[in-house]
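J.: please work out how this folds:
(2 chains, ligands or ions: 1)
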Amino acid sequence: MPKANRRVAICGGGIFRPDLWHGENAEEGVAIAYQDLLRQCPNLGADDIDAVMMSYFSDHLNQQLCMGWIIQDYLGLHNKPGYRVESGGSTPLDALINAYYMIQSGFFDVILIPGWEWMCEVDVASTNEMIASAADTDWDFPVGGYYNAYYAAIEVRHMQLYGETCEDLGRIAVKNHNNSTHIPFSQWVSQRGTAPITLDDYWKSRMVCWPYRVLNNAVMSEGACCVLMAAEEKVSRFTDTPMWITGVGLGTDSMRPGDRTADFVYAGFKDEAKIYPDFVKSPKTPYPDMANFASLHVAAKRAYAQAGITNPLKEIDLMELFTPYDGVELCLYEDLGLCGRGEGKYMIREGVVEPGGECPVQLSGGLTSTGHPVGATSLYYTTFLYWQLAGKVKEICGPGGLQVPNAKRALITGHGGTGCQGGVIIFERD
Amino acid sequence: MEEEKGLVETKLKVRPVKKEREKKYRDYPTVVDNSTAAHDFWEPIVHLGLWAIKGHQIVKGPWGGGTVEQAKKRPPREFMVIDRASFAFYSHSYGLVSPFFQGLLEAKLTGTKCPKCGTVYCPPRAHCWNPECKVADCFDNWVNLPLTGIIHTFTVQCLAAAPFEHMLPFSMGWVQVDGADTTLPMLLHIRPKEIFIGKKVNIEFIPRKSRKGDLMDLYAVAAVPGEKPPEWACMQKDTREMESVENSMKATLKFIKDRYGVDNSPQTRGW
Ligand SMILES: [Zn+2]
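T.: Next comes the predicted model:
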C-alpha cells in the first residue's frame, strides 16, 4: 500500500475501435485514438504530458521491435520519458498500474498510456502459435501449443471439482455477446450486427477445445486506445468527472499450470483441501490447483485492502474482467471473492452478474465479443468504466447503452498467460 | 514490373550452404551431433526469407475512428498490404534438466527430487521452488519414474496452433506420473468418450527413430483398455456434450483431410 498520500485519477480515454482488420497501421490507429482523447480533453496538449507508458505485448506479430518509439515519434511526444511494460495479456493493466505507481510516487503528474495491438498480419493458426509462445516453450508449448487448450483443460478440472455445466459457460457467452450489441464500437457489431443471440445459438456454435465453443473464446483484434492519468492537482484541467484509482494489486503464479499441484507459495490455502469431492485426488497443495487463479486472488486482496473493501459483491457496482475464455469469468467470481470457491456457477444462474443484477460483469461485452487487441484491451475496458462512473454511457453509446444507475465504484482485472500474472484496479468517482 | 518481380521470386532456389557451420561452442566438445542435417536443410531457408517483399494486395476497406456505423458509412479507401517472410533457426539448451530429455530418447521417464523437502518434480526442476528450500540444487538428484500415472485434467482439441494443425483432432492433458507431485502435459491416445479426470494411464513412447527429445516423444494410453468413465465424469455425463464433441471431431477430420490430405480417423490411428 502506498505510504505517500496523493490521489490519482483516470481523466479520459480515447478509442480507435477494435476490429478483425484495419487498413490503418498501428501508429495511425493510436493517432486516431489520441485524437479522440484530445477531443474529450480540449485543454490537453503535449506540454501537459510528463511521460508516456506504452502498452503492447508482441514484437513478433508485426516484425517490429521498439514499436513504442514509433508511437512516441508519431504522436510528437518523442522528447518525453517513455516506458514499456510487457506481461502478456496482463500488459495493459500492468501499464495502468505502473503509471499509477509513478504518479503516486510524485515523480510525474500526468502520464499518457497508449495501448495497441495489430494481431492479424499472420494467419490465425500462426497468431495462436505466436501467442502460445508465452507459454513455457520447453514444456507446455510442444504439446498442441495453444492457449485455448490450456484454458479448456483448466476449466475441465474446475468443472469436475465444482459441478458447473456447459450451460453455465453458455449463459456467460450469451450475456457477454448481448451486452456487446449495445457498444457501437464493438467488433461483434462490426462483424455480426446488433441482433441478440440465444443459448440455442451457443449450442450450435462450433466446438473448439472441449468444453469451449467458438462463442466462449476471445476474438483476434486490431485496435488502439489512449488513456490519460493524472495527479489530483492536475485533474480539473482535463475533466469534471475524474475516475479515481483507490486500490491496485498485482499477483503472479507459476509459469506452467501443471505445476500448481505443488505450488508452495500458496500453501496458506491448506483448508481448501476439504472441498475436494471424494472421487478427485487432492494434490500436494490444494490451491490453486489447475482450477482457479491465485494470481488474481492475491491481486484482489491487495487492491481491496488499499480501497478498504471487505465485501466486494456489496461494495462494488460493476466489473470488467479480463476473460479470454468464459470459464475464467466463472473462476474469477470466486477468486475475486464475489462468492465462495466452487460457487461461481450460482452467480450466473441467479443473474447476479447480468445487466441489472447486483454486480453486472462485462457490460462492455468483453474480450469474447467487443474486442481483444491485447495491448489496448484493458484500456478500452477502463474507458468504458470511465463512461459508466461519469454517467455518460447513453450519451456515447446511444439510448440502448447499459448504464448502471448511479455507479460509484468499479473493478477491472488484467490477466496474462494461464493466470501467470494478474492485476486488479478499483476505480471510484467523487 | 510486376511480372518481372514474380519471375525473380521463382528463380530463387534453396541451395545448400557449402560453408562450415558457425562454431558457437568452439571451446566445448559436441559429444553427440544429431544436428548437422537439420542445419544443412534449414539454414538456407532462413537466408532465403530475407525482408524482401514477396507480393502485395490492394484492399478496399473502411477507415477512420468513431463507431462501426460511422466507419462503414464513409466511402472505403485503398490500402496496400504487403507480404514478407520471416524465419529463424534457434539452437536452444535444455539446461541442467537435459537428462530428462536425453532419457526420453531412451524411453525413460525421470524426475528430480528436492533433497530438502522431498518434492518430486516431473516436469523436473533443476532447483527447488519451495521458498523454504532457498532454491536448493535438485539437478544431481534424479529419480526414475514408472510409466504410469493418472489424468489430472484434459481437453479435446479441434483447433491447434499451426505446427500441430495437421494432427487434429486430438486429446491432450496433464498427467500426474505416479510418484511425482507436479503434472506433465502430453497427448492422450484415448478416445474422448473414455477420458476422465483420475483415469489411470500407461505412458508409451513413439518408435525410437522418430524420437526427438521433447514431450511429443511420449503419450498416454488407458491402463485398463476399454474402461468406461464413472457416472460423475464431467464430459460424458451430459450426452449432448459427448454428441457435440463427436460431431466437432468429425468436421475436423474432414477439414484436415481436405487441407492436408491426412486421414486421422480413429480407425487409421488405432485410438
Ligand atoms: Zn524443496
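J.: pull out the buried positions in the host helix or strand of A:Glu395.
T.: Assigned by DSSP states H and E, A:Glu395 falls within helix A:393-397. In terms of neighbour count (16 or more other Cβ atoms under 10 Å in any protein chain shown), helix A:393-397 has its buried residues at A:393, A:396-397. In this view, the C-beta of every residue, glycine as well, is placed from N, C-alpha and C.
J.: and if you look at stretch A:377-393?
T.: A:377-390, A:393.
J.: most widely separated two among those?
T.: The largest distance within the buried residues of stretch A:377-393, taken as Cβ to Cβ, falls between A:Thr377 and A:Ala390 and amounts to 20.6 Å.
J.: chain A: strands as residue ranges?
T.: Along chain A, the segments classed as strands by DSSP state E run A:8-19, A:51-55, A:82-85, A:110-118, A:207-209, A:212-213, A:222-231, A:243-252, A:318-320, A:409-416, A:421-428.
J.: same question for chain B.
T.: B:55-61, B:77-83, B:109-113, B:120-121, B:142-145, B:148-157, B:170-177, B:184-188, B:200-205, B:218-222.
J.: Serialize these to JSON lines and add fields for mean neighbour count.
T.: What follows is the strands of chain B, written out as JSON lines (neighbours: other Cβ atoms under 10 Å in any protein chain shown):
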{"stretch": "strand B:55-61", "mean neighbour count": "12"}
{"stretch": "strand B:77-83", "mean neighbour count": "12"}
{"stretch": "strand B:109-113", "mean neighbour count": "23"}
{"stretch": "strand B:120-121", "mean neighbour count": "22"}
{"stretch": "strand B:142-145", "mean neighbour count": "16"}
{"stretch": "strand B:148-157", "mean neighbour count": "25"}
{"stretch": "strand B:170-177", "mean neighbour count": "26"}
{"stretch": "strand B:184-188", "mean neighbour count": "25"}
{"stretch": "strand B:200-205", "mean neighbour count": "18"}
{"stretch": "strand B:218-222", "mean neighbour count": "21"}
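J.: to A:Ile275, which of those lies closest?
T.: strand B:148-157 (16.7 Å).
J.: residue 27: what's it in contact with?
T.: Since no chain was named, I'll use chain A. A:70-71, A:74 (Cβ atoms under 8 Å, 6 or more residues apart in numbering or on different chains).
J.: at 10 Å what do you get?
T.: A:Glu27 makes contacts with A:67, A:70-75, A:114, A:116, A:118, A:224, as judged by Cβ atoms under 10 Å, 6 or more residues apart in numbering or on different chains.
J.: contact residues of the stretch 101-250 of chain B facing the ion?
T.: By Cβ under 5 Å from the ion, the part of the stretch 101-250 of chain B that sits against the ion consists of B:114, B:116-117, B:128, B:130, B:133.
J.: what about 6 Å?
T.: Counting by Cβ under 6 Å from the ion, the stretch 101-250 of chain B comes close to the ion at B:114, B:116-117, B:119, B:128, B:130, B:133, B:136.
J.: can you count the residues close to B:Gly270?
T.: Residues within reach of B:Gly270, counting by other Cβ atoms under 10 Å in any protein chain shown, total 6.
J.: coming back round to it: the strands of chain A: which one's closest to B:Trp51?
T.: Of all those, strand A:110-118 comes closest under Cβ to Cβ, at 17.9 Å.
J.: can that closest one be found next to chain B?
T.: No. Judged by Cβ under 10 Å from any Cβ of the partner chain, strand A:110-118 stays clear of chain B, getting no closer than 11.9 Å.
J.: and stretch A:62-81, by the same measure?
T.: Yes. Counting by Cβ under 10 Å from any Cβ, chain B has neighbours in stretch A:62-81: A:Gln63.
J.: gap between the two ends of that stretch?
T.: 24 Å (Cα to Cα, to the nearest Å).
J.: what residues sit buried inside it?
T.: A:62, A:67-68, A:71-72, A:74-75, A:77, A:80.
J.: any weak-confidence spans in chain A?
T.: A:1, A:3-4, A:269-274 (pLDDT under 70).
J.: now do 80
T.: Residues of chain A that meet the criterion pLDDT under 80 lie in A:1-4, A:145, A:268-275.
J.: most centrally placed residue in it?
T.: Central residue of chain A (Cα atoms, centre = their mean): A:Phe322, 2.9 Å from the mean position.
J.: tell me who's in contact with it.
T.: Going by Cβ under 10 Å, 6+ apart, the list of residues near A:Phe322 reads A:89-90, A:92-93, A:218, A:296, A:328-329, A:332, A:366-367, A:372, A:374, A:377-378, A:381, A:412-416, A:422-424.
J.: with A:Pro42 instead?
T.: A:Phe238 are the contacts of A:Pro42 under Cβ under 10 Å, 6+ apart.
J.: how near is it to A:Leu379?
T.: Computed as Cβ to Cβ, to the nearest Å, the A:Pro42 to A:Leu379 distance reads 21 Å.
J.: burial of residue 206, as a residue count?
T.: Reading this off chain A. 14.
J.: actually chain B
T.: Neighbour count for B:Ile206, taken as other Cβ under 10 Å: 15.
J.: nearest residue to it in space, please, no chain neighbours.
T.: Leaving aside its chain neighbours, B:Ile206 sits nearest to B:Asp217 (5.8 Å; criterion: Cβ to Cβ, 6 or more residues apart in numbering or on different chains).
J.: so what's A:Ile396 up against?
T.: A:15, A:40, A:183-185, A:383-384, A:387, A:390, A:403, B:67.
J.: just want the most central residue of chain B.
T.: Note: chain B centre (Cα atoms, centre = their mean) maps to B:Phe164, 6.3 Å.
J.: need the pLDDT of that residue.
T.: For B:Phe164, the model assigns a pLDDT of 89.
J.: pretty sure it sits against A:Val143.
T.: Yes. Taking Cβ atoms under 10 Å as the definition, B:Phe164 is a contact partner of A:Val143 at 8.4 Å.
J.: between these two, which contacts overlap?
T.: With Cβ under 10 Å, 6+ apart, B:Phe164 and A:Val143 have common neighbours A:149, B:157, B:170, B:172, B:187, B:216.
J.: the fourth one bridge partners, please.
T.: Beta-bridge partners for B:Met172, by DSSP bridges, are B:Thr155, B:Leu187.
J.: ok, it touching B:His152?
T.: No. Contact criterion Cβ under 10 Å: B:Met172 and B:His152 do not qualify, at 11.8 Å.
J.: quick check: neighbours shared by these two?
T.: In contact with both B:Met172 and B:His152: A:153, B:185, using Cβ under 10 Å, 6+ apart.
J.: pLDDT weak spots in chain B?
T.: Using pLDDT under 80, the flagged stretches of chain B are B:1-26, B:46-51, B:86-87.
J.: which parts of it belong to which domain?
T.: B:2-83, B:95-145, B:148-269 (automatic domain parsing).
J.: which two from the residues of the stretch 101-250 of chain B next to the ion end up farthest apart in space?
T.: Pairwise over those, using Cβ to Cβ, the maximum falls at B:Thr119 and B:Ala136, 10.0 Å.
J.: ok, stretch A:242-260 near chain B or not?
T.: Yes. Contact of stretch A:242-260 with chain B (Cβ under 10 Å from any Cβ) involves A:254, A:256-260.
J.: name the residue of the stretch 301-430 of chain A that lies nearest to the ion.
T.: A:Cys420 (21.2 Å; Cβ to the ion).
J.: good, we can wrap up now.
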